[in-house]
Each structure stands twice: as C-alpha cells, then as structure tokens.
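In: Let's see this in three dimensions:
(2 chains)
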There are 2 protein chains.
Amino acid sequence: MNIGVLGTGGVGQTIAAKLADGGHVVMIGTRDVAATLARTQPDGAGDPPFSAWLQAHPTIRLGTFAEAGAHGDVLFHATAGYAALDSLKAIREAHLDGKILIDITNPLDFSKGMPPSLFISNTDSLAEQMQRAFPGLKVVKSLNTMTAALMVNPQALAGGDHHVFVSGNDAGAKAAVSGYLKDWFGWQHIIDLGDITTARGTEMLLPVWVRLWGALQTPMFNFKIVQ
Amino acid sequence: MNIGVLGTGGVGQTIAAKLADGGHVVMIGTRDVAATLARTQPDGAGDPPFSAWLQAHPTIRLGTFAEAGAHGDVLFHATAGYAALDSLKAIREAHLDGKILIDITNPLDFSKGMPPSLFISNTDSLAEQMQRAFPGLKVVKSLNTMTAALMVNPQALAGGDHHVFVSGNDAGAKAAVSGYLKDWFGWQHIIDLGDITTARGTEMLLPVWVRLWGALQTPMFNFKIVQ
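Out: Model (predicted):
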C-alpha cells in the first residue's frame, strides 16, 4: 500500500521503517525537505541526523507534508504535537477527504520544562481538533500511549500481552486500523474506546506515562487492561 | 489502629467495612451527621441509604469530618472531589499535622454531563491542593484509579496481577501506605511514581478509566503496567 508518514522524528522513522520492511511504499512528510536533509547534527534525543537514517532506508522517500499526504492511501501522523494541525493543513483537503489518518501525536508542552504538561486536554484533544478541521478525514487515534519501539513490535514485551487503544467516529475506519495494527505490527489486544472524544483519555495518559518512565527507568513498558 | 474515613459514599463504605472487618476502629466522617442519617432514599448509584448500611456495620461509628479526623491515626479521603478540600478544612490542623492521609479522591466534574471532565488537571491536582493547604499532613495519593471493590480486594481480578500507584512527598509515609495496601487489602504490585505532583498523572487516568468502563461494560478492570 502507499503510505504517508507525517513527521521525521523517532516515531515517524520507526513506523516508516517497519512499513517499508513489510513491502509498503512509504513517503515521509516534513515541513521543509531541504532543511530536514541539511541537518548534520544528532537530534535532541541524540539520534543520528535524519539524512543518515534516510540513507540507511533507501526505499523510503522524503517529501513535503503535501506530497506525503497526496502519496498515502493511509496516513500516519507522527509530528510533534504543537506542529500537528499545521502539518495537516499543509496538505490539500482533496488529498485528505475519505482517507484514514492514524493519529499518534500527543499534545506535550515542554515549554515549562520537564516533565511536560499538555497544551490541550480534558475537554478537547488533538485528535478532535484534526477531525473538526477536516470533516472528510477519518481520524483514528491510536498508538500514542507507548514508546515507538513497541508500537511496531508489541511482541518485544511480555509476548504482546498488553493493549493498544483506538478512538474514532468511523466504525469502518476503526476496523481497518485494527486490521493494520494486527497485520502490520502484530497487535493482538486492541480496545475500541468509542468516538473521537475518547482520544482525550488516551492523550491524558501521557502524564502518568512520563512519570512511569521515570519510576521504571525504561520506556519499554505498556498498559494492560486486566479484566 | 484508629482510622478515620472521610466520605459516606461507596468508596468510603467499602474502605471502612474492610478495615472494620480487619479489626480496626473506624469512624466515618461526614459534613452533617444528622442529615446523613436522615436520608431514607437510595443514593444516586441506587445503593441503600447510609443509615441502613451503618446499621449493618455496627462497629463503625459516624461522626463529623472534624471528629473522624481527630479519631484517626491514619485517614482515608473518599469524598466527592468537589468537597475534598472543604472536608479537610473542617478538621483542626492539629489533628492533621504529622498524620498520613491516603487520598482516593478524584476531581471529577459532572456539571457538564457525562462523561465527566476534571475540574483540576494537567498543571495541578487535588492531592497537591491538599498538601499545599496542610503542609504538616503527609498526603499519599493512592487507590484512585480503580473501582471500590478492587481497592480492598485486588485478588478479585486476575489473582491480583495488576497495579496500584502511590504518589507523595514523604518517603516514610509512602512506605507505610505501601505496607497498609499490602497488609490490609492484599496488594502485591505497588508502583511509587514519585512526589505528590505525580498525582496529576493518576488523577488524569480517570477520563480513560471512564471510557474503558463504557467500552468493557464493567468497572471490574484495572491497569497493569507490563514490563
């Protein structure tokens, strides 16, 4: 499938690499292609610059948000939260209408230091803002509640015995995304929380997630809903 | 031990009954004793009026918040969130200084209908408000992330293989509370998230908790942190 991945950070890279390994035709979108390729220093997380990563993944193409949005039959949204709405608005609405967007973004606000707070929460969410801005887009919030390595490889932890959530207004889109999560990444345990307003709940998991990271001294953990 | 339980709702009743069964001397605190006893109708959740519950638990006494606060060597806070700070302020500060308060409250705002939002979140929490208002009190946030029946009986679900969190500024108080959780209620898996500001994270679990209740059609579930 042709897939567009918005965002060049660790989440975008991890999703894109896994999809490309699976035989999908992947384009990563960024705001400014030349600027993204010109970076030569390690990023904020200490990882190599994007250009080095791209050289190591020759089947993956880099384009603008508009180009990646046009390319993908399905889109993954993996930019920083503060850039999430603008990066979508850079895509022509005709290239979004009717498509599924798997929204992995989180409204993390690092402007007041660590740990981050949320710049949207409680009575709204990033996912709802996207859905309101693009009514023809089928926004499905998912995968935003774990570290990137687990998103594409849940079996790396406890044989996959933990959960991923989906939130969205379109039942068919949620069913399709649940299939992608299973077939492309190996997820066995998926909980449909309800409509897109339930994304408030998963975005509001981030504050405890960040504190668990601190307490456990590793990001390799996930939530399991025990019944 | 002499234990004060603030709040006459389902959580307060469940905690008080379990502690009394364990041989503790329990007083439940309420704003207005006469008014609490005068209620003859089932409560909002359809449970019997408090007076009927109290008759069935003859070793448990009912008093004002001030009396229950004075009585308890350890206090459990289980009022509705909107009443949480005022109910503490009804207790003489001398009866709070140096004591441990296990704060189970959540800042749920039902004023805009269901599902509830939070009236404090993100950059503050109910637990922090209590700690700021009473610096001599040792506030430990815990047990606020599950239904009442599981608080006192984690074995009812998956043999107890799921988590409870503690947040607080006083390491000794958190160690003591962890012991109470284990010895009084049977908790095997306790995660210390850090100082009292980490209570923001657990209070912000409530929005997804409420949606999980809806999706799973039962409140008998809990979070397990899989590592």
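
In: And stretch A:161-171, end to end?
Out: 24 Å (Cα to Cα, to the nearest Å).

In: residues of it that come out buried?
Out: A:162-170 (16 or more other Cβ atoms under 10 Å in any protein chain shown). Where you see a C-beta, it was placed from the backbone N, CA and C, and this is true even at glycine.

In: is it up against chain B anywhere?
Out: Yes: using Cβ under 8 Å from any Cβ of the partner chain, stretch A:161-171 reaches chain B at A:161-162, A:165.

In: between the residues you listed, which is nearest chain B?
Out: Nearest to chain B out of the residues of stretch A:161-171 next to chain B is A:H162 (Cβ to the nearest Cβ; 4.2 Å).

In: one step back: between the buried residues of stretch A:161-171, which is closest to B:F223?
Out: A:H163 (9.5 Å; Cβ to Cβ).

In: surely that closest one meets A:K224?
Out: Yes: between A:H163 and A:K224 a contact is recorded at 5.6 Å, counting by Cβ atoms under 8 Å.

In: any common contacting residues for the two?
Out: Common contact partners of A:H163 and A:K224 (Cβ atoms under 8 Å, 6 or more residues apart in numbering or on different chains): A:H189.

In: Show the end-to-end separation of stretch A:57-77, please.
Out: 19 Å.

In: element containing A:P207?
Out: Here A:P207 sits within helix A:206-216, counting by DSSP states H and E.

In: Give me the contact status of that helix with chain B.
Out: Yes: using Cβ under 8 Å from any Cβ, helix A:206-216 comes into contact with chain B via A:207-212, A:214-216.

In: List the contacts of that helix.
Out: A:106, A:108, A:115-118, A:144-146, A:219, A:221, B:122, B:165, B:191-194, B:198, B:200-202, B:204-205, B:225, B:227.

In: could you turn stretch A:177-187 into CSV, dropping everything but the C-alphas?
Out: What follows is stretch A:177-187, C-alpha atoms only, in CSV (Å, rounded to 0.1, in the frame of the first residue of the first chain):
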residue,chain,number,x,y,z
VAL,A,177,-7.0,0.4,11.5
SER,A,178,-7.4,-2.6,13.9
GLY,A,179,-6.6,-4.8,11.0
TYR,A,180,-3.5,-2.8,10.2
LEU,A,181,-2.3,-2.9,13.8
LYS,A,182,-2.7,-6.7,13.8
ASP,A,183,-1.3,-7.4,10.3
TRP,A,184,1.4,-4.8,10.0
PHE,A,185,2.6,-4.6,13.6
GLY,A,186,1.4,-7.8,15.4
TRP,A,187,-1.0,-6.3,17.9
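
In: and it with chain B, contact?
Out: No: residues of stretch A:177-187 contacting chain B under Cβ under 8 Å from any Cβ: none, with a closest distance of 13.3 Å.

In: Check which residues of that stretch are buried.
Out: A:177-178, A:180-181, A:184-185, A:187.

In: Can you flag which of the residues you listed belong to helices?
Out: Members of these lying in helices (criterion: DSSP state H): A:177-178, A:180.

In: In helices, which of the contacts of helix A:206-216 appear?
Out: B:200-202.

In: Which of those residues sits closest to chain A?
Out: B:G201 (3.1 Å).

In: excluding its backbone neighbours, what's nearest that closest one?
Out: What sits nearest to B:G201 in space, not counting adjacent residues and going by Cβ to Cβ, 6 or more residues apart in numbering or on different chains, is A:V208, at 3.1 Å.

In: Equivalent analysis for A:P154, please.
Out: A:G160 (4.3 Å).

In: What degree of burial does that neighbour show, as a neighbour count?
Out: 19 (other Cβ atoms under 10 Å in any protein chain shown).

In: ditto for A:G46
Out: When neighbours are counted by other Cβ under 10 Å, A:G46 comes out with 6.

In: Contacts only, for it.
Out: By Cβ under 8 Å, 6+ apart, A:G46 lies in contact with nothing.

In: Tell me how far it lies from chain B.
Out: To chain B, A:G46 is 23 Å away according to Cβ to the nearest Cβ, to the nearest Å.

In: For A:T40, give me the pLDDT.
Out: With respect to pLDDT, A:T40 has a value of 87.

In: Hmm, I typed the wrong one, I wanted A:D47.
Out: So A:D47 comes in at 84 (pLDDT).

In: excluding its backbone neighbours, what's nearest it?
Out: A:G10 (6.5 Å).

In: Quick check, the one you found in contact with A:M151.
Out: No: between A:G10 and A:M151 there is no contact under Cβ under 8 Å: 10.4 Å.

In: How about the contacts made by A:F65?
Out: For A:F65, counting by Cβ under 8 Å, 6+ apart, the contacting residues are A:6, A:29-31, A:87-88, A:90-91.
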